[in-house]
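Novice: what's the 3D shape of this:
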Amino acid sequence: MSAEERRRNPRFVVDVPVTMTVAGETRTARLRDVCRDAALVEADRWEPLGTDVALALALPGTAGPIEVSGRVIRLAPGEQGTHGMAILFSGPSPEAEARIDEFIARQGQG
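Specialist: So this is what the prediction gives:
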């Protein structure tokens, strides 16, 4: 079974800054894609698989920043020497889910 077949929700490409907090350390990264239950983030270094991560981001066309937490589930080389991490969300708030859904709905209109 391929990664696409295992993925529960379609992902949408985006390129926006994201603030990533790991063990009390905050740094800037890039959000490269997002779906209802996960995101791909590129940063200056990888975090180990299973690491808990908090993300603060603003999706284009939505009403303000979103905060979600999750866990690193996959590592992959990013663009231009960055380090890609797939983050599976762990219980996003209803507000965060609504904003992600709003962003996804807008992508379907384009």
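
Novice: could you point out the longest helix in this structure?
Specialist: Counting residues, the longest helix found in the chain (DSSP state H) is helix 94-109.

Novice: list the buried residues in that one.
Specialist: 96, 97, 99, 100, 103, 104, 107 (16 or more other CB atoms under 10 Å). Just so you know, the C-beta spots here come from the backbone N, C-alpha and C atoms, and that holds for glycine as well.

Novice: list the contacts of the fourth one.
Specialist: What it means is residue 100. Contacts here follow CB atoms under 8 Å, 6 or more residues apart in numbering; on that basis residue 100 touches 34, 35, 36, 59, 66, 92.

Novice: distance of residue 88 from residue 80?
Specialist: 25 Å (CB to CB, to the nearest Å).

Novice: returning to what we had before: so which of the contacts of residue 100 are in strands?
Specialist: Counting by DSSP state E, these place 34, 35, 66 in strands.

Novice: which residues in this protein form strands?
Specialist: Across the chain, reading from the start of the chain, the strands by DSSP E fall at 12-22, 25-35, 38-43, 52-57, 66-77, 83-89.

Novice: show me what the last one is packed up against.
Specialist: In this structure, strand 83-89 makes packing contacts with strand 38-43, strand 52-57, strand 66-77, judged by 3 or more CB pairs under 8 Å, 6 or more residues apart in numbering; DSSP states H and E.

Novice: quick one, which of the ones you listed is packed in tightest?
Specialist: Comparing the helices and strands packed on strand 83-89 by mean neighbour count (mean count of other CB atoms under 10 Å), strand 38-43 comes out on top with a mean of 21.
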